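**Student:** Quick one: sequence plus predicted model below, questions after.
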Amino acid sequence: MTDGSTKKGRSVQMISGPDDPEGIVPLIREDRERRGAPSVVSTTSTPFAFTSLEPVFVRETPTSLAPRASPETQKNLFHKNAGRIRDDPIEFAKFITNYTRGAPRSGWRAYTDYIGPRVFYEGYSARCIKDLLQSGPVTAKIRELSETRLATLNLPPGVDHERKLADLESQLNDVTYDMALNLCAKMDSVPFLRFFGAIVNNVLVRMYDQGIHLSLPEYAVFRDVAVKAAKNKQSLLILPCHKSHIDYLTVSWLFYRLGISLPHIVAGDNLNMPVVGTWLQKCGAFYIRRSFGDDALYPVVVKEYIEQLIENGKNIECFIEGSRSRTGKLLPPKLGILKYVLEAYQSGRTSDVIICPISIQYDKVLETESYLNELLGNPKEKESLTGLLLNTRVIQLKLGRIDVRFQKPFSLKSYVDEQTERRSKVRKPGVVPNPKKEQDILLRALGYQVLSDINRAAVIMPAALVGSIMLTIRGRGVGRSELIKRVGWLRTAIEARGGRVAEFAGMEIEQVVDRALIVLKDVIGEHRDLIEPTFFAVSRFELSFYRNQIMHLFVSEAMLAATLYTHVKAGGAAPSQRMPRSEILDELSFLSRLLQNEFVYGTEGLEVNASATIASLERDEVVLIEDSLIGLSPKERATGRENFDFYCFLMWPFIEVYWLAAVSLFALTPVGAPPSEGENVAWYAEKQFQKSAQNLGKNLFYQGDVSYLEAVNQATLSNAFLRMVEFGVILTRKSTKTKGLPLMALHPDWVPKRLPSGAIEPAGRLWEFLGRLGAFRREGKNRRDNSTVSTRVFGHCSAIAPPVLEWTAFEGVARQDNEFWAVKANL
């Protein structure tokens, strides 16, 4: 594929002087002179990890949230932008003029000279389509499919096989053209880009009235890498986190504003909506089907298009999580696009690809209310980005600000070389590596490395600070002074662990808290007619979206606290609540492996990580170590366990979800005997059962047997069932009677028995597993797990029991053969 531009090489724009009206580059230069080099901020812990931490001592609450660096290291790209004519008629008029007259001929709005490969010229998409149709892999696949089809026709003698083959190829060429037409980005018009840029600018400045903020030192590093990549004809693979539909608009507008070649954006075809779907495609989006199904040609077309983009040094943007996170924390990586990129590099179509993790954080995410409905099991609302841009009510909202952070980009080539060398060193002599397995390991490591980097880059917003405190205190509410104190403590704790809190130009902590309360006014209520203003959670479920944004910084402490709680909740004198270190390690091993679909763990090993975390909490005076026993410190008890409870409250909702998943499995206890002795596995409809499990969770929550409505969280509940598939409790397959219907069953070793009365017997492996997991749960009022589960809860399980759809013989491994149940000294 060749560029239609007459320029030779790659154009690099220095956005300064008249082309940089807001003076970004001079600020970068000043910051470099002051610092000596662009700063790179990194954490002392692996995000989402039960990992080693530097010794932490949380000091007294600071009186302000003054930035650690000078305010000049940040830039608000919406500074002085007027989103409404009534706000500032003169500035609004300037804004309109800049996009319609004069300014588009030069400067950043013109988008005629920028860093990176040439895009947005007449005929660009036609050239991409032509190159795609003429490519070797696509034409070879068309030929293969045509020959296969021809062989099945059983043509009579005398028919011209070559002519028929040509007809079949012609038909498939037409199909391929339609695929390419729908697939390829239509980046043909700079005037349209300016038009859409003006719309996006106005939408964002209205909704996020405090602007888009970025770190100048981070951007300086990113910009230098982009310049070098452009000279070497290497693609930037932009990998942001994904919390909102606004992410698409923010990244593209940012690249437009900063003078970098806009990326081709991988998007699901569910976003190819009327009007806006076309607009997005004209600005770089290319739509891919959610499922390729049995189509043998479509994956080849998609793969070749991405590889051609890589070969020609075009920038690509892909959301590493695959879809928007409804829970606030990062989702496990989706590796399909990464696989295509890696194969393009390994096949020699490019010398390197530059991996660019980006964090996008919001004061308030627009879609949190709709996420809540989805997670509660309500039907998913139809995608509404069109409604977003055209809905005047939505764009009148004032949702605070957006913070964009660039983690230092890294070379795919260097990463692959490093991982390959590391794997070769640990491989046993004489063992021949399995290429597919090695590729899968490499892809998975790359995906989680990107997630780790995104968390390193992320800043914690005030809404996350306040939301976290609201969900980690006991009682119905919290006074204003206590809320301010705890937010200050949390801010210090985050920074002590290498995390970063958004900078607010030296604002007092009271101002920052008040600002967050305004943003969260729909989910945090206030009692004003009291001695002190007192705040309470209106929607704890929705607030959990903001709390989960800090989880990766405290997973170590939260798991350890939940483990100690297994003895603390038993009560009694302080000495009786202490745990031997060996028992702590056993329980941590169980809990951390169970929750590994929720968090990413470090590589140091369980004992090293646990020892470092215990030492950290000892320095914080949360725990006390006496010989081999560990328990709460006298100071922590004297202060009402506020820090210990904070860590427990972070972990309890996740434990509750997995407990609910486990207890719901008792509903799969067959009522009658199997039809024959050899058919001992009862199969049920998977989706129907998971919906019933969610309904069971709602029932148990409102009756007090479940402490958190979050336990019915559809996303985390699905993760819990998946984990139980992975360690052998649940079996899955497709139905042999109903095409494509997913089925699930309990492993025969895990199926509970029924008493002569027909009631489920509280015994067996599933019961033992539930008891061990239940020990970590928050103790509820008037509730004791064993007696409650064996009576009322089992009754509810029987009520949601689904019908058996199929019976089969068991073909699999026994429980002890599954690696989850193996005794491990190290994680």
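**Tutor:** Thanks, I have it.
**Student:** How about the secondary structure of residue 704?
**Tutor:** Under the three-state scheme (DSSP: H, G, I helix; E, B strand; the rest coil), residue 704 adopts coil.
**Student:** State the distance from it to residue 793.
**Tutor:** 11 Å (CB to CB, to the nearest Å). The way it works is simple: take the backbone N, C-alpha and C, and place the C-beta from them, glycine included.
**Student:** okay, those two: which has more neighbours?
**Tutor:** Taking other CB atoms under 10 Å, residue 704 and residue 793 do not tie; residue 793 has more neighbours (23 against 12).
**Student:** these two touch, right, the more buried one and residue 700?
**Tutor:** Yes: with contact defined as CB atoms under 8 Å, residue 793 reaches residue 700; the gap is 6.6 Å.
**Student:** Name the nearest residue to the spatially most central residue of the chain, sequence neighbours excluded.
**Tutor:** Centroid-nearest residue in the chain: residue 330, 2.6 Å away (criterion: CA atoms, centre = their mean). The spatially closest residue to residue 330, leaving aside those adjacent along the chain, is residue 451, at 5.1 Å (CB to CB, 6 or more residues apart in numbering).
**Student:** Now do the residue of the chain positioned farthest from its centre, the pLDDT please.
**Tutor:** Centroid-distance maximum for the chain: residue 158 at 60.0 Å, with CA atoms, centre = their mean. Residue 158 carries a pLDDT value of 71.
**Student:** Now do it against residue 164, distance only.
**Tutor:** Taking CB to CB, one finds residue 158 at 12 Å from residue 164.
**Student:** next one: residue 173
**Tutor:** On the measure of CB to CB, residue 173 and residue 164 end up 15 Å apart.
**Student:** Residue 352 too?
**Tutor:** 45 Å.
**Student:** Could you check which of those two has the larger neighbour count?
**Tutor:** Higher neighbour count among residue 352 and residue 164: residue 352, with 18 against 15, using other CB under 10 Å.
**Student:** Got phi/psi on the more buried one?
**Tutor:** Main-chain torsions, residue 352, degrees, to the nearest 10: phi -170, psi 160.
**Student:** Would you confirm that the residue nearest to residue 330 contacts residue 334?
**Tutor:** No: with contacts counted by CB under 8 Å, residue 451 stays clear of residue 334, the gap being 11.1 Å.
**Student:** burial count for residue 599?
**Tutor:** Neighbour count of residue 599, defined by other CB under 10 Å: 22.
**Student:** Output the helix or strand harbouring residue 128 in PDB with nothing but the alpha carbons.
**Tutor:** Using DSSP states H and E, residue 128 sits in helix 124-133. Provided in PDB are the C-alpha atoms of helix 124-133 (Å, rounded to 0.1, in the frame of the first residue of the first chain):
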ATOM      1  CA  TYR A 124      -6.800   7.200   0.800                       C
ATOM      2  CA  SER A 125      -9.600   4.600   1.500                       C
ATOM      3  CA  ALA A 126      -9.800   3.500  -2.100                       C
ATOM      4  CA  ARG A 127      -6.100   2.800  -2.100                       C
ATOM      5  CA  CYS A 128      -6.500   0.700   1.100                       C
ATOM      6  CA  ILE A 129      -9.300  -1.300  -0.400                       C
ATOM      7  CA  LYS A 130      -7.500  -1.900  -3.700                       C
ATOM      8  CA  ASP A 131      -4.300  -3.000  -1.900                       C
ATOM      9  CA  LEU A 132      -6.400  -5.300   0.400                       C
ATOM     10  CA  LEU A 133      -8.200  -7.000  -2.600                       C
END
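**Student:** Following the chain onward from it, which element is next?
**Tutor:** helix 136-153.
**Student:** Just the angle for the helix or strand that that following helix is followed by relative to helix 124-133, thanks.
**Tutor:** Downstream of helix 136-153, the first helix or strand assigned by DSSP H and E is helix 161-183. Computed with axes from the mean of the first three to the mean of the last three CA atoms, to 10 degrees, the direction of helix 161-183 lies at 140 degrees from that of helix 124-133.
**Student:** name the element the residue nearest to residue 330 belongs to?
**Tutor:** Per DSSP H and E: helix 435-457 holds residue 451.
**Student:** So for that helix, what gets flagged as buried?
**Tutor:** Residues 442-443, 446-457 are the ones in helix 435-457 that count as buried (16 or more other CB atoms under 10 Å).
**Student:** from these, which is closest to residue 124?
**Tutor:** Taking CB to CB as the measure, residue 124 sits nearest to residue 450 out of those, at 28.7 Å.
**Student:** Does that closest one touch residue 320 like I think?
**Tutor:** Yes: counting by CB under 8 Å, residue 450 does reach residue 320; the two are 5.1 Å apart.
**Student:** which residues do the two both contact?
**Tutor:** Common neighbours of residue 450 and residue 320 (criterion: CB atoms under 8 Å, 6 or more residues apart in numbering): 239, 333, 357.
**Student:** Which residue in those residues has the weakest pLDDT?
**Tutor:** residue 333 (92).
**Student:** just so I have it, where are all the helices in the stretch 701-827 of the chain?
**Tutor:** Per DSSP state H, counting those that start in this stretch, the stretch 701-827 of the chain carries helices over the ranges 714-726, 765-774, 785-788, 794-799.
**Student:** which of the residues in the first one are buried?
**Tutor:** Read that as helix 714-726. For helix 714-726, by 16+ other CB under 10 Å, it's 714, 715, 716, 717, 719, 720, 721, 723, 724.
**Student:** remind me which residues of the stretch 351-500 of the chain are low pLDDT?
**Tutor:** Within the stretch 351-500 of the chain, the stretches with pLDDT under 70 are 380-396.
**Student:** show me where it has helices.
**Tutor:** Listed in chain order, the helices of the stretch 351-500 of the chain (DSSP H, counting those that start in this stretch) span 368-375, 385-390, 392-395, 412-426, 435-457, 462-470, 480-496.
**Student:** Let me have the ones you listed in TSV, extended by distance to residue 625.
**Tutor:** Converted to TSV, those look like this (distance: least, CB to CB, whole Å):
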stretch	distance to residue 625
helix 368-375	40
helix 385-390	53
helix 392-395	53
helix 412-426	34
helix 435-457	30
helix 462-470	27
helix 480-496	20
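**Student:** what about the spatially closest residue to residue 805 that is not a sequence neighbour, helix or strand, and which?
**Tutor:** Nearest non-adjacent residue to residue 805, counting by CB to CB, 6+ apart: residue 683, 5.5 Å away. Residue 683 belongs to strand 681-685 when assigned by DSSP H and E.
**Student:** which strands and helices sit next to that strand?
**Tutor:** Packing partners of strand 681-685 (3 or more CB pairs under 8 Å, 6 or more residues apart in numbering; DSSP states H and E): strand 742-746, strand 806-808.
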